[in-house]
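Chemist: No letters, just coordinates:
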């Protein structure tokens, strides 16, 4: 049938050869390409349609039926063992500033009395008469301003905490820098009434090589003095020092 129709087309056109074959080749090539594309899309659509229909629902509940033999015996009610205690607390550094501490009431002796003016006049004062004219000298003797008896307690109630006014960065040890060691040192500083470090103690350290640089830097800090009852007081201050190499 196709040959007959082709023959009729040739007879109608009155020509046969390369021009006719080119036209037929272009025509049937386009038809074949359209059919191939249609089949390809149908195959892809069928694949993804099957995947969509066979997908599993993640939210669907799963039910498993067990027999009594698989459940096992129930736990005993009489021989119950206490559950092991689980430690959930971790060591924490105690605060050292701003925590009130109970102070016992001052005890006053009931026999203590106030000296009268006559008794005070009998006590020799520090003033002595000079050798020339009417000049008067004051003899202070061996009087010395008393210093603090020792370091302050760990908890000192204050109205105003000390503030850092001068901060010094610790020197990175050359050996630790070459070895690529990093760490952190927590230093407790005894700040006196003038806001100057009186003593520095290492509380925690990741590497011992950083202890001395951290202490040296802490002793160069300067603070505003802590205030309590409108007067300066000595307190402990905790300063962390972090030793971290710069990323190149």
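Modeler: Done, it's in. The shown structure was predicted, so the numbers you read here are calculated from the model rather than taken from an experiment.
Chemist: Show me which helix runs longest in this protein.
Modeler: Counting residues, the longest helix found in the chain (DSSP state H) is helix 18-53.
Chemist: Give me the mean pLDDT for it.
Modeler: In this model, helix 18-53 carries a mean pLDDT of 85.
Chemist: And that helix, what does it pack against?
Modeler: Packing partners of helix 18-53 (3 or more C-beta pairs under 8 Å, 6 or more residues apart in numbering; DSSP states H and E): helix 2-13. In this view, the C-beta of every residue, glycine as well, is placed from N, C-alpha and C.
Chemist: quick check: mean pLDDT across the helix it packs on?
Modeler: 59.
Chemist: cool, and stretch 205-218?
Modeler: Stretch 205-218 shows a mean pLDDT of 93.
Chemist: List the buried residues of it.
Modeler: Applying a neighbour-count criterion of 16 or more other C-beta atoms under 10 Å, the buried positions in stretch 205-218 are 205, 209-211, 213-215, 217-218.
Chemist: if we take these, which one ends up nearest to residue 235?
Modeler: Closest approach to residue 235 among those (C-beta to C-beta): residue 218, at 14.3 Å.
Chemist: Provide a list of residues in contact with the closest one.
Modeler: Counting by C-beta atoms under 8 Å, 6 or more residues apart in numbering, residue 218 makes contact with 187, 189, 197, 200, 239, 241.
Chemist: Leaving out the residues flanking it, which one is nearest to the fifth one?
Modeler: Ranked by C-beta to C-beta, 6 or more residues apart in numbering and with sequence neighbours excluded, the top spatial neighbour of residue 239 is residue 187, at 5.3 Å.
Chemist: how about low-confidence regions in this structure?
Modeler: Scanning the chain with the threshold set as pLDDT under 70 gives 1-16, 56-62, 68, 76-149, 247-248.
Chemist: And the strands in it?
Modeler: Counting by DSSP state E, one finds strands in the chain at the ranges 127-129, 136-138, 164-166, 183-191, 197-205, 222-223, 226-228, 231-233, 235-243.
Chemist: Got the domain ranges for this structure?
Modeler: Taking automatic domain parsing as the domain assignment, the record places the domains of the chain at 15-44, 155-248.
Chemist: Ok, which of the ones you listed comes nearest residue 69?
Modeler: Smallest distance to residue 69 across these (C-beta to C-beta): 50.3 Å, for domain 15-44.
Chemist: and residue 245, what is it in contact with?
Modeler: Counted by C-beta under 8 Å, 6+ apart, residue 245 has contacts 172, 177, 180, 182.
Chemist: and the gap between the third one and residue 172?
Modeler: I take that to be residue 180. Relative to residue 172, residue 180 is positioned 11 Å away (C-beta to C-beta, to the nearest Å).
Chemist: JSON lines for the domains of the chain, including distance to residue 66?
Modeler: Rendered in JSON lines, the data for those read as follows (distance: least, C-beta to C-beta, whole Å):
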{"stretch": "domain 15-44", "distance to residue 66": "44"}
{"stretch": "domain 155-248", "distance to residue 66": "53"}
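Chemist: Of the ones you listed, which stretch is the most buried?
Modeler: Mean neighbour counts were taken over the domains of the chain using mean count of other C-beta atoms under 10 Å, and the top value, a mean of 16, falls to domain 155-248.
Chemist: My guess is residue 235 contacts residue 152. True?
Modeler: Yes - checked against C-beta atoms under 8 Å, the pair residue 235 and residue 152 is within contact range at 5.6 Å.
Chemist: No more questions from me, cheers.
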